[in-house]
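Asks: The sequence isn't on hand, but the structure is:
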């Protein structure tokens, strides 16, 4: 079975416990203004022009982002880092893009990992039909679940899609015993507003079981990617104000959440 990915990161340490391999699936139902991987959004292979200056001359060549791979071939790559998983308590994280857009491919790779006792994690925006989400769930040891904006109109404005499926899936996930960590991206002027933080806190208070949250700092590392792929960088030169991350950490900790900061 074939699937479309665009990158594999070895020795990742921020996508779950231990030393991990993160596999980036291509294609996403959202188009977040702050997306750090804009090349992940389109569910197809894309071409772009790569420029390089050498000896006063600019050399340009056409390159592709995204490639198809067989599930068994991808598993071999994942299995190749087993020694690091075993020593650190790590494993593989399926990220993107949105892996749930390639449900059958994801299940096939994850099933092979489970058969060889490789720890599996799904990094998801949660935007998927319930049937799709809960068919994949048994193959995952950990769910990393994005929670961005509660107001649906604002969610549609800044991500291009409604959050109704996302919240419904999260509420059902909260009724299971699946190990789950929420992930809250701190985006200046969008998710870090007092109104959104109040809405997020109010929503979190309704959850019964999930009490772990990672707060993810906005950064400009992807700025050159938008230029390279000819995509509109809607965030411009926005920057987080000093102290924002710590203030948000304190807000969530005051509710009894275990908070981790990924700066």
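Replies: The structure has been received and is ready for your questions. The structure presented is a predicted model; accordingly, all values stated were derived computationally and were not measured.

Asks: Please, where are all the helices along the stretch 51-200 of the chain?
Replies: 71-79, 82-88, 103-115, 130-136, 152-159, 164-173, 194-204 (DSSP state H, counting those that start in this stretch).

Asks: Quick one: closest of those helices to residue 243.
Replies: With CB to CB as the measure, helix 194-204 is the member of the helices of the stretch 51-200 of the chain nearest residue 243 (13.8 Å). The C-beta positions use only the backbone N, C-alpha and C, and glycine is treated the same way.

Asks: Toward the C-terminus, what is the element adjacent to that closest one?
Replies: Where DSSP states H and E defines the elements, the next helix or strand beyond helix 194-204 is strand 212-217.

Asks: thinking again about what came up before, let me have the helices of the stretch 51-200 of the chain in JSON lines, adding mean neighbour count and distance to residue 258 as columns.
Replies: Output for the helices of the stretch 51-200 of the chain, formatted as JSON lines (neighbours: other CB atoms under 10 Å; distance: least, CB to CB, whole Å):
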{"stretch": "helix 71-79", "mean neighbour count": "17", "distance to residue 258": "28"}
{"stretch": "helix 82-88", "mean neighbour count": "14", "distance to residue 258": "20"}
{"stretch": "helix 103-115", "mean neighbour count": "19", "distance to residue 258": "26"}
{"stretch": "helix 130-136", "mean neighbour count": "16", "distance to residue 258": "24"}
{"stretch": "helix 152-159", "mean neighbour count": "17", "distance to residue 258": "25"}
{"stretch": "helix 164-173", "mean neighbour count": "18", "distance to residue 258": "17"}
{"stretch": "helix 194-204", "mean neighbour count": "15", "distance to residue 258": "12"}
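
Asks: So which of the ones you listed is nearest residue 30?
Replies: Among the helices of the stretch 51-200 of the chain, helix 152-159 comes nearest to residue 30, with 4.5 Å by CB to CB.

Asks: Outside of the closest one itself, list whatever touches it.
Replies: Residues outside helix 152-159 that contact it (CB atoms under 8 Å, 6 or more residues apart in numbering): 30-33, 148-149, 161-164, 190, 196.

Asks: what about residue 138, how many neighbours?
Replies: 11 (other CB atoms under 10 Å).

Asks: picking that back up, what about burial for the contacts of helix 152-159, which qualify?
Replies: Among those, those classed as buried by 16 or more other CB atoms under 10 Å are 30, 32-33, 148-149, 161, 163, 190, 196.

Asks: Give me the residues contacting stretch 35-50.
Replies: With CB under 8 Å, 6+ apart as the contact definition, stretch 35-50 has outside contacts at 4, 6, 24-28, 30-31, 60-68, 96-97, 101, 219, 221-222, 225-226, 228-231.

Asks: rerun that using 7 Å as the cut-off
Replies: With CB atoms under 7 Å, 6 or more residues apart in numbering as the test, stretch 35-50 has contacts from 4, 6, 24, 26-28, 31, 60-67, 96-97, 101, 221-222, 225-226, 228-231.

Asks: and what of stretch 53-72?
Replies: By CB under 7 Å, 6+ apart, the residues outside stretch 53-72 that reach it are 1-6, 26, 39, 44-52, 105, 108-109.

Asks: change it to 6 Å
Replies: The contact list for stretch 53-72, computed with CB atoms under 6 Å, 6 or more residues apart in numbering, reads 1-2, 4, 6, 26, 39, 45-47, 49-52, 105, 108-109.

Asks: do the same with stretch 10-23
Replies: The contact list for stretch 10-23, computed with CB under 6 Å, 6+ apart, reads 5, 8-9, 78, 81, 84, 88-95, 121, 142, 262.

Asks: make it 8 Å
Replies: Identification of contacts with stretch 10-23 by CB under 8 Å, 6+ apart yields 5, 8-9, 74, 77-78, 81, 84-85, 87-95, 109, 119, 121, 123, 142, 144, 262.

Asks: what comes up buried for it?
Replies: Neighbour counts over stretch 10-23 (16+ other CB under 10 Å) mark 12, 15-17, 19-23 as buried.
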